[in-house]
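Asks: Okay, sequence plus prediction incoming.
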Amino acid sequence: MKPVVNGLEKSWKSKVNFLLLDVDTPEGRDAVTRLQATGIPAFYFLGRDGKISETLLGVIPATEMESKLKALSAR
């Protein structure tokens, strides 16, 4: 998934902020607990208010991820 996300990040960098969280660090494990992540990879989409508006779990095709970004950015 990392290559897919990196590609999308380059395309969307002017509209979206991406954050990669390594779950093999203490901070990552803490975040997984706070977010109640039920799968890896997990993609959390935050609205302008900073609250989670959408979540996708598992391996997601680049086309689906881009569709989600387009839909959310149109809101």
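Replies: Looks like it came in fine.

Asks: Ends of stretch 29-45, what's the gap?
Replies: 19 Å (CA to CA, to the nearest Å).

Asks: which parts of that stretch are buried?
Replies: Within stretch 29-45, the residues that qualify as buried are 31, 37, 41-42, counting by 16 or more other CB atoms under 10 Å. To be clear about C-beta, it is placed using only N, CA and C from the backbone, and glycine gets the same treatment.

Asks: Just to be sure, Glu27 is in a strand?
Replies: No. Looking at Glu27 with DSSP: H, G, I helix; E, B strand; the rest coil, it is helix, so not inside a strand.

Asks: Now for it: which residues touch it?
Replies: The contact partners of Glu27, by CB atoms under 8 Å, 6 or more residues apart in numbering, come to Leu21.

Asks: Can you give me the distance of it to Lys2?
Replies: Going from Glu27 to Lys2 by CB to CB, to the nearest Å gives 18 Å.

Asks: Nearest residue to the spatially most central residue of the chain in space, please, no chain neighbours.
Replies: What sits nearest the mean C-alpha location of the chain, by CA atoms, centre = their mean, is Phe43, with 3.2 Å. Leaving aside its chain neighbours, Phe43 sits nearest to Leu56 (4.3 Å; criterion: CB to CB, 6 or more residues apart in numbering).

Asks: swap in Leu20?
Replies: Closest to Leu20 by CB to CB, 6+ apart is Val5, at 7.3 Å.

Asks: Does anything pack onto the helix or strand containing the residue nearest to Phe43? Which helices or strands?
Replies: Assigned by DSSP states H and E, Leu56 belongs to strand 52-57. Contacts defined by 3 or more CB pairs under 8 Å, 6 or more residues apart in numbering; DSSP states H and E place strand 52-57 against strand 42-46, helix 62-73.
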